[in-house]
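J.: take a look and give me a structure for this.
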Amino acid sequence: TEDLERDIDEVKVSLQNKMLALQRMQLMVALRNKTKENDNDSRLIMETMEQIIILSKAVIEHQQQAREKEQKLADIKRKRLSLKKASEDKLLQIQAMMKKQKDKQASLKVSGMVEKICTNLQKERDVTTVIQGVLQNIVIGSKVNWAEDPSLKAVVLQLEKNV
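T.: Numbering: from 1, shown residues only. Below is the predicted model of the structure:
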């Protein structure tokens, strides 16, 4: 039933369009006949038709201008969209660059800490070596036979080893 209703509506619209076209043709024939009479009414009809032609030309011109403006608007929208995408890409690049820079700074900070720890470790080794030397000199200077005492022997031999 929907298809039939749609078909009926299409036929009605077609009939109305044909009726309007017929009425326009009848009107044009009547106007042509009236303008041939060359009286006051025909002169008014001609002036009105000239005004209609002028107005129609103006409408066509304005429609063309509207189409041009719509095209410009569409171009501007496309350009705006491309600029928006480009700005998003640049923002992503900036964020990636900032992340790299942050990682680099963190890496430099960690390497600085490692260097500081290595420096402190070397100082501790130097202090330990000095203490070992002092302890060895104390044992040797005390003239104790350290080779016979097993615990003292272990300490002195341990001191000779490098930290």
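J.: what ranges do the helices span in this protein?
T.: Listed in chain order, the helices of the chain (DSSP state H) span residues 2-36, 40-141, 150-160.
J.: make TSV out of those and add mean pLDDT and mean neighbour count.
T.: Backbone N, C-alpha and C define where each C-beta goes, glycine included. Shown next, in TSV, are those (pLDDT from 0 to 100; neighbours: other Cβ atoms under 10 Å):
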stretch	mean pLDDT	mean neighbour count
helix 2-36	91	10
helix 40-141	91	11
helix 150-160	74	12
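J.: straight-line length of stretch 35-44, end to end?
T.: This stretch, stretch 35-44, spans 9 Å end to end (Cα to Cα, to the nearest Å).
J.: distance from it to the middle of the chain?
T.: 69 Å (Cα atoms, centre = their mean, to the nearest Å).
J.: over to stretch 133-145?
T.: Centroid separation between stretch 133-145 and its chain, computed with Cα atoms, centre = their mean, is 76 Å.
J.: for the residue nearest the centre of the chain, give me its contacts.
T.: Nearest residue to the geometric centre of the chain (Cα atoms, centre = their mean): Glu88, 2.1 Å. Listed by Cβ atoms under 8 Å, 6 or more residues apart in numbering, Glu88 has no contact partners.
J.: distance check, it against Gln136.
T.: Distance, Glu88 to Gln136, using Cβ to Cβ, to the nearest Å: 71 Å.
J.: got it, and Arg125?
T.: Taken as Cβ to Cβ, the span from Arg125 to Gln136 is 16 Å.
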